[in-house]
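Asker: Mind looking at a prediction? Sequence and model below.
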Amino acid sequence: MSKVFVSIIIPAYREAGEIGKLVRFLMPLLKADGHAECLVIDAGSDDGTEAEAREAGAVVLQSPRKGRAAQMNYGAAQSRGALLYFLHADSYPPAGFLDEIRARAKEGRESGCYRLAFDEPHAVMRLYAWFTRFDLLPFRFGDQSLFVTREVFDAVGRFDESLVVMEDNELVRLLRKRNTFVVMPGEVTTSARKYRQNGFVRLQFIFAVIFVLHYGGASQQLLVQFYRDSIRQNKI
C-alpha cells in the first residue's frame, strides 16, 4: 500500500540564514521517504530567503498576501498532500516524523503537534518546554509544528487570515473541539533567538499577556500594536 503523501508547508519572511539550513535538513528525509514535498511560502522577502530556500531544494512559492495565516493557507491550496504539516522556518522536527504523523492519522487522529524543545539551556526555556507535553491551549503554538488532514483543515475553515497574531492557537482551538487532536511525545527543536533578543522571562510574559488579551476580546489592532511596541526585531 502506498504511503499517504505529506506536504510540508513553511511560511517564511526574511529568513535568510535560517531557511537554507532547515531545507537542507529536510530534503534527504523527503528523498528517502519518496512521498512528501517541501513548500516554502515566501512573502516578498528582500534578504535572499527565496533564493536560499530554492538552492537548498525546496519548492518556493510567493504568497499573494503577507502574513503567516495567508501564507500557510496559500501553501495548503498549492500543495498535493492528503496530510499537511506546517513548520516554522527555525524549527526542526524529530526523526521519523513523516511516518509518525501518517500512523497517527491512520489511528484516527486528525491533527496534532509535537512537544517543544529549544536550542537554549536556559531554565525558563526548559520549564516552558516541559509544559508543552500537556494538551492545554496556552501551550499550543506554531513553533511545535502542526499536522492536520486536508479534509479537516478545510472543514474547520483553515487559518483565520484576519489574525496577524494568534492564528496558530486559534486553529488548534478549533481542531481540539473535534476530540481527535494529539500531542505526540517527540520534540520539535526550535530557535530561542527571539528570547535571546528580548529576554527569556520578559518575552514569555509578553506572550502570556497577548494570549490573555486575545481571549479576553482584544482587537487584533491592539494586539499587533502591543506586539510591535514590546518585541524587538519583530517581523509583523
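Answerer: Sure thing, it's come through.

Asker: any idea where the strands of this protein begin and end?
Answerer: 6-12, 36-42, 59-62, 83-86, 91-92, 111-118, 146-149, 181-190 (DSSP state E).

Asker: These into CSV, with extra columns for mean pLDDT and mean neighbour count?
Answerer: Bear in mind the C-beta positions are built from the backbone N, C-alpha and C, glycine included. Output for the strands of the chain, formatted as CSV (pLDDT from 0 to 100; neighbours: other CB atoms under 10 Å):
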stretch, mean pLDDT, mean neighbour count
strand 6-12, 98, 26
strand 36-42, 98, 24
strand 59-62, 98, 17
strand 83-86, 98, 24
strand 91-92, 98, 20
strand 111-118, 98, 23
strand 146-149, 98, 26
strand 181-190, 97, 19
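
Asker: and the closest residue to Pro138 other than its chain neighbours, how far is that from Met166?
Answerer: Spatial nearest neighbour of Pro138, excluding adjacent residues (CB to CB, 6 or more residues apart in numbering): Phe211 at 5.8 Å. As judged by CB to CB, to the nearest Å, Phe211 and Met166 stand 7 Å apart.

Asker: residues near the residue nearest to Pro138, how many?
Answerer: Phe211: 18 surrounding residues under other CB atoms under 10 Å.

Asker: Same question for Ile206.
Answerer: Using other CB under 10 Å, Ile206 is surrounded by 17 other residues.

Asker: Please list all residues in contact with it.
Answerer: Ile206 makes contact with 198, 226-227, 230-231, according to CB atoms under 8 Å, 6 or more residues apart in numbering.

Asker: List the ones among these that fall in helices.
Answerer: Judged by DSSP state H, helices contain the following of these: 198, 226-227, 230.

Asker: which of those residues sit farthest apart?
Answerer: Pairwise distances across the ones in helices among the contacts of Ile206 (CB to CB) peak at 13.5 Å, for the pair Asn198 and Phe226.

Asker: which other residues reach stretch 88-103?
Answerer: Counting by CB under 8 Å, 6+ apart, 3-4, 6, 10-12, 15, 18-19, 22, 25, 29-30, 33, 35-36, 40, 83, 85, 87, 112, 114, 142-145, 147, 184, 186-191, 193 sit against stretch 88-103.

Asker: Could you list the buried residues of that stretch?
Answerer: 88-94, 97-98, 100-102 (16 or more other CB atoms under 10 Å).
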